[in-house]
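[1] Need the 3D shape of this:
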Amino acid sequence: MLISLPMPRGASPRGVAWRGTVVGTLGLVGEALRDMTGPASLLHGLLLPAWFAAVGWRLSRLARA
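    Alright, predicted model coming up:
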């Protein structure tokens with residue numbers, strides 16, 4: 001989550017930055033309430049690699065430009 005907060009001010013699109021903030025927040029809440037949420041924390045485990053892929057794709061496009 002902390003990585004995605006300064007992203008909108010840089011060359012990254014706002015959508016990728018907001019997705020990172022949401023995924024990070026879900027991760028924090030999921031870990032804090034792990035006993036109560038149970039398998040719902042699996043959502044964070046699925047969204048985090050998708051966010052990393054989006055950031056990597058954007059960085060590879062920036063490197064070519």
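[2] other SSEs contacting the least confident helix or strand in the chain by mean pLDDT?
    Within the chain, confidence by mean pLDDT, DSSP states H and E is lowest for helix 34-37 among all helices and strands, at a mean of 81. Contact partners of helix 34-37 among helices and strands, from 3 or more Cβ pairs under 8 Å, 6 or more residues apart in numbering; DSSP states H and E: none. Just so you know, the C-beta spots here come from the backbone N, C-alpha and C atoms, and that holds for glycine as well.
[3] who's in contact with stretch 33-53?
    With Cβ atoms under 8 Å, 6 or more residues apart in numbering as the test, stretch 33-53 has contacts from Ser4, Val16, Arg19, Gly20, Val22, Val23, Leu26, Gly27, Val29, Gly30, Glu31.
[4] got the buried residues for it?
    The neighbour-count criterion (16 or more other Cβ atoms under 10 Å) identifies Thr37, Ser41, His44, Leu47, Trp51 as the buried residues of stretch 33-53.
[5] In helices, which of the contacts of stretch 33-53 appear?
    Counting by DSSP state H, the members of the contacts of stretch 33-53 that fall within helices are Val16, Arg19, Gly20, Val22, Val23, Leu26, Gly27, Val29, Gly30, Glu31.
[6] Give me the buried subset of those.
    A residue is treated as buried here by neighbour count (16+ other Cβ under 10 Å); on that basis the buried members of the ones in helices among the contacts of stretch 33-53 are Val16, Arg19, Gly20, Val23, Leu26, Gly27, Gly30.
[7] which among these gets closest to Leu59?
    Val16 (10.0 Å; Cβ to Cβ).
[8] Could you report the separation of the nearest residue to the closest one once chain neighbours are set aside from Asp35?
    Spatial nearest neighbour of Val16, excluding adjacent residues (Cβ to Cβ, 6 or more residues apart in numbering): Ala54 at 5.1 Å. For Ala54, the distance to Asp35 under the criterion Cβ to Cβ, to the nearest Å works out to 30 Å.
[9] Name the secondary structure element that contains Leu42.
    When secondary structure is defined using DSSP states H and E, the element that contains Leu42 is helix 42-64.
[10] just the CA coordinates of that helix, formatted as PDB?
    Extracted C-alpha coordinates of helix 42-64, given in PDB (Å, rounded to 0.1, in the frame of the first residue of the first chain):
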ATOM      1  CA  LEU A  42      -7.500 -15.400   0.000                       C
ATOM      2  CA  LEU A  43      -8.800 -12.400  -2.100                       C
ATOM      3  CA  HIS A  44      -5.700 -10.500  -1.100                       C
ATOM      4  CA  GLY A  45      -3.600 -13.400  -2.200                       C
ATOM      5  CA  LEU A  46      -5.200 -13.400  -5.600                       C
ATOM      6  CA  LEU A  47      -5.200  -9.600  -6.200                       C
ATOM      7  CA  LEU A  48      -1.600  -8.900  -5.100                       C
ATOM      8  CA  PRO A  49       0.000 -10.800  -8.000                       C
ATOM      9  CA  ALA A  50      -2.400  -9.100 -10.400                       C
ATOM     10  CA  TRP A  51      -1.300  -5.700  -9.100                       C
ATOM     11  CA  PHE A  52       2.400  -6.600  -9.400                       C
ATOM     12  CA  ALA A  53       1.700  -7.700 -13.000                       C
ATOM     13  CA  ALA A  54       0.000  -4.400 -13.800                       C
ATOM     14  CA  VAL A  55       2.900  -2.400 -12.300                       C
ATOM     15  CA  GLY A  56       5.500  -4.600 -14.100                       C
ATOM     16  CA  TRP A  57       3.600  -4.100 -17.400                       C
ATOM     17  CA  ARG A  58       3.500  -0.400 -16.900                       C
ATOM     18  CA  LEU A  59       7.200  -0.200 -16.000                       C
ATOM     19  CA  SER A  60       8.200  -2.200 -19.100                       C
ATOM     20  CA  ARG A  61       6.200   0.200 -21.300                       C
ATOM     21  CA  LEU A  62       8.000   3.100 -19.600                       C
ATOM     22  CA  ALA A  63      11.400   1.600 -20.200                       C
ATOM     23  CA  ARG A  64      10.600   1.300 -24.000                       C
END
